[in-house]
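Visitor: Give me a model of this one.
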Amino acid sequence: AMPFANSLTITHSDFSNYVHCDRDAIAVAYGWWWVGYKGHSKDSWKLSLDGSFDHNQVTGGSFLIAQHGIAIDFSRAEGLVEIYWRGKNDHHVTLASNSPENVTRFGTSVQITQSGVGGMNAWRKSGYDPERTTSRDDRLAYLSKKLETKMDKLH
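Guide: Purely as a prediction, here's the structure:
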């Protein structure tokens, strides 16, 4: 079977983290970064793409792979930025940023985590039955019915 990404992360609102290596099954990670609209009211948030915003409106937030002297300074980029990096092997970090009130830099990473692979291997070793797998629609119908039952018990 072909491997698939089991971890999709989406960040926004001046996200930053600490220097780390990822706990992935493979060495390569992939990500996108772009700038868009961020608005909110008392009860909800709205995050969306907007071509009138770009990286130069957000200060800071560089992506560093320090041990190799690599820094991606997003403020010098336009539009969508795509990066492959060795998340499992290289210590990396997203630095703090500062965005205007209605702007955010979105970031993503797509990875195959070691824990996800371990879970799949455990499932396979447990004597899984491929006939017992369900479609997304079947799973949603099951969860909907389960929620309905819980709601009925509350009333």
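Visitor: switch to C-alpha atoms for all contacts and neighbour counts from now on
Guide: Fine.
Visitor: who's in contact with Q114?
Guide: R23, D24, A25 (C-alpha atoms under 8 Å, 6 or more residues apart in numbering).
Visitor: Dump those residues to TSV, plus pLDDT.
Guide: Shown next, in TSV, are the contacts of Q114 (pLDDT from 0 to 100):
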residue	pLDDT
R23	91
D24	91
A25	89
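Visitor: who wins for most neighbours among those?
Guide: Tallying neighbours with other C-alpha atoms under 10 Å puts D24 at the head of those, with 20 neighbours.
Visitor: and that one, bridged to which residues?
Guide: T113 (DSSP bridges).
Visitor: Tell me if I'm right that it and D90 touch.
Guide: No - at 11.8 Å, D24 and D90 do not qualify as touching, with contact defined as C-alpha atoms under 8 Å.
Visitor: Just the C-alpha atoms of the lowest-mean-pLDDT helix or strand in the chain, please, in PDB.
Guide: Ranked by mean pLDDT, DSSP states H and E, the weakest helix or strand in the chain is strand 45-49, scoring a mean of 76. What follows is strand 45-49 as a C-alpha-only set of coordinates in PDB (Å, rounded to 0.1, in the frame of the first residue of the first chain):
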ATOM      1  CA  TRP A  45     -14.200  34.000  13.400                       C
ATOM      2  CA  LYS A  46     -13.700  34.300   9.600                       C
ATOM      3  CA  LEU A  47     -10.500  33.300   8.000                       C
ATOM      4  CA  SER A  48     -10.300  33.500   4.200                       C
ATOM      5  CA  LEU A  49      -8.000  34.000   1.200                       C
END
